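Trainee: here is a sequence together with a model predicted from it:
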Amino acid sequence: GQNIDQPTEMTATEGAIVQINCTYQTSGFNGLFWYQQHAGEAPTFLSYNVLDGLEEKGRFSSFLSRSKGYSYLLLKELQMKDSASYLCAVMNTGFQKLVFGTGTRLLVSP
Amino acid sequence: EAGVAQSPRYKIIEKRQSVAFWCNPISGHATLYWYQQILGQGPKLLIQFQNNGVVDDSQLPKDRFSAERLKGVDSTLKIQPAKLEDSAVYLCASSLAAPSRGADTQYFGPGTRLTVL
């Protein structure tokens, strides 16, 4: 089976840095995705990690440790528009199947 | 490049009625997915198509849900009859990848918000 855990909710201040953690257990691993989802909208792709290490993309970075079953999404220089849910999703080997966590709702305040 | 299109955006029905959702994936994307997202949860895969064949429908409640992807492009998802617990957002996504390739990014449509009364 699979199990993906991430915090339900986080709050942070504009301009700050926030780290959203995700731990997972899976029988077959083919990478980990992070998606952003604003309320009432579709998830949009942020990052993909399949090898250990840090991937940086502008203000957003994503880290993966396969041996620990752990990933985090790091958001720097937070802006009000970053208030959204952040979904961690693990892809199984074989059929491109994505399994999502419940999402972390991030609230950025002035 | 146009994104994934879905319609309708909103639908309200009474329990035991039928409803159908439509999805048009990104041009050239071989793989199409239907997800159900209940409020406060992550999306859950219902069915996955590779061209016009079903790859995975293990979590599709087949007594009431059905889906097809004729001609390997557009897809429809139907619920008949609907139950209260079917109230959710139904998301369609598509990706380039065939299952034999490495992981590929899934791109999501805006979703259909279904309310069952």
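Mentor: The structure has been received and is ready for your questions. Here the structure is a predicted model, which is why all the values come from computation and not from measurement. Residues are numbered from 1 along each chain as shown, chains lettered A, B, ... in the order given.
Trainee: when you work out contacts or count neighbours from here on, use the C-alpha atoms and nothing else.
Mentor: Fine.
Trainee: quick one, what contacts the closest residue to residue B:85 other than its chain neighbours?
Mentor: Spatial nearest neighbour of residue B:85, excluding adjacent residues (C-alpha to C-alpha, 6 or more residues apart in numbering or on different chains): residue B:116 at 7.7 Å. Applying C-alpha atoms under 8 Å, 6 or more residues apart in numbering or on different chains, one finds that residue B:116 lies in contact with B:12, B:13, B:14, B:15, B:82, B:83, B:84, B:85, B:86, B:87.
Trainee: residues of the helix or strand harbouring residue A:107 that come out buried?
Mentor: Per DSSP states H and E, residue A:107 falls inside strand A:104-109. For strand A:104-109, a neighbour-count test (16 or more other C-alpha atoms under 10 Å in any protein chain shown) marks A:104, A:105, A:106, A:107, A:108 as buried.
Trainee: now do stretch A:39-52
Mentor: A:42, A:43, A:44, A:45, A:46, A:47, A:48, A:49, A:50.
Trainee: just flag the most distant two among the residues you listed.
Mentor: Spatially, the most separated pair among those is A:42 and A:50, at 23.5 Å (C-alpha to C-alpha).
Trainee: now check the strand holding residue A:107, is it near chain B?
Mentor: No. Against chain B, strand A:104-109 shows no contacts by C-alpha under 8 Å from any C-alpha of the partner chain, the least distance being 9.2 Å.
Trainee: in its sheet, what does that strand sit against?
Mentor: strand A:9-13 (parallel), strand A:84-91 (antiparallel) (DSSP bridges).
Trainee: distance between it and the chain's centre?
Mentor: 13 Å (C-alpha atoms, centre = their mean, to the nearest Å).
Trainee: contact partners for residue A:51?
Mentor: Neighbouring residues of residue A:51 by C-alpha under 8 Å, 6+ apart: A:31, A:64, A:65, A:66.
Trainee: so what pLDDT did it get?
Mentor: On pLDDT, residue A:51 comes in at 93.
Trainee: can I assume it sits in a strand?
Mentor: No. If the criterion is DSSP: H, G, I helix; E, B strand; the rest coil, then residue A:51 is coil and not within a strand.
Trainee: can you count the residues close to whatever residue of chain A ends up closest to chain B?
Mentor: For chain A, the residue closest to chain B is residue A:102, as judged by C-alpha to the nearest C-alpha, at 4.3 Å. For residue A:102, the tally of surrounding residues (other C-alpha atoms under 10 Å in any protein chain shown) stands at 24.
Trainee: brilliant, that's me finished.
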